[in-house]
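A.B. asks: Have a look at this prediction, sequence included:
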Amino acid sequence: QSDATPRREVLEFFSSRVLRSPFLSYVNLAYIYPLSLSLSGKFASASKGRNICVQIALLDSDAVGMTELPEGLPNVYQRDGKGDVLGTSASSAILYHTRTPTFYDEFKIQLPLVLTRRHHLFFTLFHVSVDSSKREKRKLDTAIGYAFLPLLDPATGRRITGEIQLPVAAAGLHYEGGAYILPTNYLDHANPDKSGNPIKWLDHGKHALKLRAEQASSVYSQDDQLRHFFAQCENEGHTTRSLEMGQCLRSLQLLSTDALFAYQPVLFNQLFELLPSCKKDSAPDDISRQTTLYLLHAVNIIQSQGKSSDESPLLVSYVHFVFKAPPPTATGRTVHVELATQLLALVEQTDEGSTVLIQSLLKHLWFFLRVMLKSMVCYALEQSETDRMFRGNLFEKKYQDELRRLLENVFKRMLLMARTDPNLMRAININISRFLTDALGIMDRGFIFNVIHSFIQLLTAPANHVRSSESTVLTVCKFNMLHILTHYEHYLPLNFPLATESKDQLFALLRPAYMQRHFLSGLLMAQVKTMLTHNDKNLRHFAISTFRDLLRKHDMDPRYNDTARRARVAALYFPFVHVVLEHLDLLYSPDVKRPDGEGFDPDETRDLLVCFLYIIKNTDRSVLSHWWNVQGVSVLFLEAIVHCLQVFRYVGRDQLVTAMAVAPSTSSAAKRALEEQYGQSGVPLG
């Protein structure tokens, strides 16, 4: 439209890329910059060209001799902003009164999706008349020469870029009996030095036209390794194992970083399609193994280019938005099955040469676990509804065994990092915990529960077998895992048995029978109970706050707002009431003086009693009455209520105002002083 706002498009070419990113949309463009025309004096004079311009067109064939100036493909962007965006040709500015012009124009061309060796750019050099007295008697412009440039190198098939010098064919001549201005298959005669060349060249075939070409394409890569890999995949159809494919995969190690980033999504898709389609082979150069090793190499490069050690946004978005697992092969092989096999083989290696690879895998384990999980989800969605209901048969036992061995090997290697690299250990623990949490939605839950139980046992190391610093890291990892698992979206339904429980079962102690019916909640409460006698108050409070945060999540969950559901949730955690009553003597009280390090501090006391009150408040009154009459815990219960009154007692507005008036200036200190006055027992209210 004529009133449209002008718009400039800016493209960053690879040679100067600073912010590396992949192609997120289809791009297939060529940019041509004519630079200069340099003919010797007599030939320039003979061509009678002084006011020279260059016209460019895109042609797809030279199979038929040219009878007149060609009309190119409608792929050349027009620069005047009027009419159609694309046209058949475009012309440069006219360089007035010079036979050796220097050009400053840019031509933008939309390349065809499929390029052949006959696609080429056709340049026509014109002399433009500026004599107004002769305009009506002669043509406004006169062709003085032609040049042509194939888009693909005839020898290598690579796109032609960079600075190029072309010979100029003379205009006004005729070939093949005078029918054509250029002969048939003129691209085959582009070399003026070739004997028997039928084309008449200006200036004895001197490469007189100088230009520069840049191409930006999400379809065609300039990297030789990448082009060879894609060509090999297309030729072989992924059905056979070949020496050529193995060589291509090894040569990908030489792939430039710019090309890796630019074509990362399509390259990874091709690799994941190749991974399960290769024939099973235990040879060292097995294609599946080479594919896995290159994936690990590429992930390491992409991750290392980030500004921090956090997960690469590029890889996160690839798994979330781009990756889609290919369908199972004829032999039933899938991405998740093959990845489990290959990664297991890697982590089980004991030779020194594998140490670096295993360390790299541990650093980037999150990526492979997410790919495996999404592949499992895609596989499950392709199965029938009946198969999805019976999860025990959804995934083969062999795959479950390999997955468990893989996770156990990684977990055991992770435990060795408690002293050397605790940060990486925590990251691996979180990634495995997230994987297990997500797998609860698609895999056999009994299998997942067994894995969780074995990992919790590994993290619960005897205090006399590890150093204090290592024990701290192990404990933090254990409760991080429990925190992630218990925040699973369907965590509560997982803990409710199908059969209706009796009142005695609802407030049972944390014993094996209860753990069998309510595995995750029982596991969490059992671990918190164990930590209540730990000598490190920070770890104790961390364990207590994990349980407190879970109850707070339930309290804010709109799915469990009505009284009956809240009572059912509270009944699930009723054994924790017994835990609190068993540790009443450790609760903080301003009237009891204890040596440093003994008993709970005010923060721990407050959080424990908040959990206690939440459960009591929401428990069904008939259950409470039955518990009171049968269990005989009335004295302990009343003592707990007394502690609650001391901790959460309201002391009046006047004392609160006084506390604020004398409080220190910092916000944290003021908050602490106000809390202590509010409770008037030294217990902050948080």
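C.D. replies: Yep, it's here.

A.B. asks: Which strand or helix spans Leu35?
C.D. replies: In the assignment (DSSP states H and E), Leu35 maps to strand 28-37.

A.B. asks: Can you get me a residue count around the residue nearest to Leu584 when sequence neighbours are not counted?
C.D. replies: In space, and not counting its chain neighbours, Leu584 is closest to Glu639: 5.5 Å by C-beta to C-beta, 6 or more residues apart in numbering. C-betas here are computed from N, CA, C, even on glycine. For Glu639, the count of nearby residues is 15 (other C-beta atoms under 10 Å).

A.B. asks: so how far is Leu344 from Glu639?
C.D. replies: As judged by C-beta to C-beta, to the nearest Å, Glu639 and Leu344 stand 54 Å apart.

A.B. asks: Check Phe323 too.
C.D. replies: The value you get for Phe323 to Leu344, if C-beta to C-beta is used, is 21 Å.

A.B. asks: Same check on Leu436?
C.D. replies: Distance of Leu436 to Leu344, given as C-beta to C-beta: 17 Å.

A.B. asks: before we move on, what about Ser221?
C.D. replies: Counting by C-beta to C-beta - Ser221 and Leu344 are separated by 33 Å.

A.B. asks: quick revisit: is it true that the residue nearest to Leu584 touches His583?
C.D. replies: No: using C-beta atoms under 8 Å, Glu639 makes no contact with His583, being 11.5 Å away.

A.B. asks: Can you point out the buried residues in the strand holding Leu35?
C.D. replies: Residues 28-35, 37 are the ones in strand 28-37 that count as buried (16 or more other C-beta atoms under 10 Å).

A.B. asks: Show me how far that strand is from its chain's centre.
C.D. replies: 36 Å (C-alpha atoms, centre = their mean, to the nearest Å).

A.B. asks: can you check stretch 448-459 too?
C.D. replies: For stretch 448-459, the distance to the chain centre is 28 Å (C-alpha atoms, centre = their mean).

A.B. asks: got the buried residues for it?
C.D. replies: Residues 448-449, 451-452, 455-456, 458-459 are the ones in stretch 448-459 that count as buried (16+ other C-beta under 10 Å).

A.B. asks: ditto for stretch 204-222
C.D. replies: Buried residues in stretch 204-222, counted by 16+ other C-beta under 10 Å: 205-206, 208-211, 213-218, 220-222.

A.B. asks: ditto for stretch 483-500
C.D. replies: 483-486, 488, 491-492, 494-495.

A.B. asks: Quick one: residues in contact with it.
C.D. replies: Contacts with stretch 483-500, where a contact means C-beta atoms under 8 Å, 6 or more residues apart in numbering, come from 430, 433-434, 436-437, 440-441, 445, 452, 517-521, 524, 546, 549-550, 553-554, 560, 568-569, 572.

A.B. asks: From the buried residues of stretch 448-459, pick the one nearest Lys398.
C.D. replies: Nearest to Lys398 among those: Val451, at 16.0 Å, using C-beta to C-beta.

A.B. asks: Grab the nearest non-local neighbour of that closest one.
C.D. replies: Among residues not flanking Val451 along the chain, Arg404 sits closest, at 5.9 Å (C-beta to C-beta, 6+ apart).

A.B. asks: And for the nearest residue to Pro34 once chain neighbours are set aside, the neighbour number?
C.D. replies: Nearest residue to Pro34 in three dimensions, chain neighbours excluded: Phe103, at 4.0 Å (C-beta to C-beta, 6+ apart). Neighbour count for Phe103, taken as other C-beta under 10 Å: 19.

A.B. asks: Please apply the same query to Ala143.
C.D. replies: Neighbour count of Ala143, defined by other C-beta under 10 Å: 19.
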